[in-house]
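# Let's see this in three dimensions:
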Amino acid sequence: GRRFPGGEFVIEPWRAWLVADVALDEPGGTVAHPLFVWMAATCAMGLSWDELFAWFGSTAADGPMFGEHETSIHRPLVVGGTYAVSGGITSAARKSGRTAGAFDLVGYELELRDKADGVHVATCWNSIVFPRRG
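A predicted model of the protein is given here:
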């Protein structure tokens, strides 16, 4: 249940254009590409990946891997919009695989709220796999 510090993310028009172009979408619209839910959530969670890994006694050199992902969009994100991000750890479990050996599976959830009206616009749930060697 540990909470992230959180933060804010602005969908800048230039970045919206680039993401739409890379995702083979039509650049220049007022609705931001759905990829911005994950981008905003992870960019404004309030800590770096290295800091998050350290919470679980790991570093990037230990080889943590992206696990699962689920995005729920309640209202489209808009270009130029500012979003407040908050959330925290939702689960942590030690597992063992035949090939992988011991690993920890950590789930976390981040919510995006529109700063203009406070409405909850999206939720991003992810998991990270932390290998435990030796």
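
# Who are the contact partners of the residue nearest the centre of the chain?
With distances taken as C-alpha atoms, centre = their mean, residue 42 lies nearest the centre of the chain, 3.6 Å away. By C-beta atoms under 8 Å, 6 or more residues apart in numbering, the residues touching residue 42 are 110, 124, 126. Heads up, the C-betas are built off the backbone N, CA and C, glycines and all.

# Just the element for it, please.
Assessed by DSSP states H and E, residue 42 sits inside helix 35-43.

# continuing past that helix, what's the next helix or strand?
helix 49-55.

# Just the residues contacting that following helix, thanks.
Under C-beta under 8 Å, 6+ apart, the answer for helix 49-55 is 2, 45, 59-60, 62, 64, 89, 128, 130.

# How far off centre is it?
Offset of helix 49-55 from its chain centre (C-alpha atoms, centre = their mean, to the nearest Å): 14 Å.

# List phi and psi for residue 86.
Phi and psi for residue 86, reported as degrees, to the nearest 10, are phi -150, psi 160.

# Tell me the bridge partners for it.
residue 111 (DSSP bridges).

# And for it, the neighbour number?
When neighbours are counted by other C-beta atoms under 10 Å, residue 86 registers 18.

# Could I get the contacting residues of it?
Shown in contact with residue 86 (C-beta under 8 Å, 6+ apart): 3-4, 6, 110-111, 113.

# For this protein, just list every one of the strands.
7-10, 65-73, 82-97, 101-114, 120-131 (DSSP state E).

# for the second one, packing partners?
Of the remaining helices and strands, those touching strand 65-73 by 3 or more C-beta pairs under 8 Å, 6 or more residues apart in numbering; DSSP states H and E are helix 35-43, strand 101-114, strand 120-131.

# Pretty sure residue 64 sits against residue 128.
Yes. Judged on C-beta atoms under 8 Å, residue 64 makes contact with residue 128 at a distance of 5.4 Å.

# picking up where we left off before, pipe the strands of the chain into a markdown table and attach distance to residue 53 and mean pLDDT per row.
Shown next, in a markdown table, are those (distance: least, C-beta to C-beta, whole Å; pLDDT from 0 to 100):
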| stretch | distance to residue 53 | mean pLDDT |
| --- | --- | --- |
| strand 7-10 | 18 | 98 |
| strand 65-73 | 11 | 96 |
| strand 82-97 | 13 | 96 |
| strand 101-114 | 10 | 96 |
| strand 120-131 | 8 | 97 |
